[in-house]
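Chemist: sequence plus predicted model, see below.
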Amino acid sequence: MTKEIKRRGLLLVLSSPSGAGKSTLSRLLLEKDRNITLSVSMTTRTPRPGERNGVDYIFASADEFDDLVARDGFLEHARVFDHSYGTPAAPVVKAMEEGRDVLFDIDWQGTQQLAQKVAEDLVRVFILPPSKAELERRLKTRAQDSAEVVAKRMSKANQEISHWAEYDYIIINDDLEKAEQQLFSILQAERLKRVRQTGLVSFVHEITGEE
């Protein structure tokens, strides 16, 4: 019988320039591990085809978004490509207290804000593409954005990549299977850190018979 030690959940952040693979890696991790859940961001942009409110994003008006900002209801929020994005605090705190991990697919701006509020619970991973040419190829082949938007994302890539040193781990996504294994290894190791296993003191006392 496996002994389960009570622990506090962690916040796993994945950041990258658009097209480097963070969304794909997020999906693979969520499929593989049942104890991690995706943080659902609130946004003021309109839904893309197939996106569901409350599942992919919480779609809100600018007034609704600004009201939550005023009430300090976000762990982080930012303006990206003419739209607002933010992470509502309440569901994230609840998950962590229950020992569940929360995955974030956010940019460096949001990561900096999270670090100011929940630094001890934060694990930051930056995903790099193998080359600039490959990044552009991925953006073009996914066929979700216009040529103008692809150009805008490419022009912003250097700015996003410049923040790589602010992260705890760096994964170069030149092979998706290898990158997935590396990400899962990071999560497993971080879960085993002593400071996150809140039930260790009572467990050790149980073994030793000490009070």
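Modeler: Everything's here; your move. Just so it is clear, the model here is predicted, and its values are computed rather than measured.

Chemist: beta partners of the residue nearest to the spatial centre of the chain?
Modeler: The C-alpha lying nearest the average C-alpha coordinate of the chain belongs to Phe104 (Cα atoms, centre = their mean; 1.8 Å). Under the criterion DSSP bridges, Phe104 forms beta bridges with Val13.

Chemist: can you get me a residue count around the residue lying closest to Leu187 once chain neighbours are set aside?
Modeler: Spatial nearest neighbour of Leu187, chain neighbours left out: Leu12 (6.1 Å); criterion: Cβ to Cβ, 6 or more residues apart in numbering. All C-beta spots, glycine's among them, are computed from the backbone N, C-alpha and C. By the measure other Cβ atoms under 10 Å, the count of residues near Leu12 is 25.

Chemist: distance check, Leu12 against Phe203.
Modeler: 24 Å (Cβ to Cβ, to the nearest Å).

Chemist: span of stretch 136-152 from start to end?
Modeler: Using Cα to Cα, to the nearest Å, one end of stretch 136-152 lies 11 Å from the other.

Chemist: right, I mislabeled it, should have said stretch 58-74
Modeler: First residue to last in stretch 58-74 (Cα to Cα) measures 13 Å.

Chemist: what are the contacting residues of it?
Modeler: For stretch 58-74, the surrounding residues in contact (Cβ atoms under 8 Å, 6 or more residues apart in numbering) are 40-47, 53, 77, 84, 86-90.

Chemist: show me what the helix or strand hosting Ala189 packs onto, helices and strands only.
Modeler: According to DSSP states H and E, Ala189 maps onto helix 176-191. Applying 3 or more Cβ pairs under 8 Å, 6 or more residues apart in numbering; DSSP states H and E, we find helix 176-191 packed against strand 11-15, helix 22-32, strand 122-128, strand 169-172.

Chemist: out of the ones you listed, the one nearest Leu135 is which?
Modeler: strand 122-128 (9.1 Å; Cβ to Cβ).

Chemist: with that, I have no additional questions.
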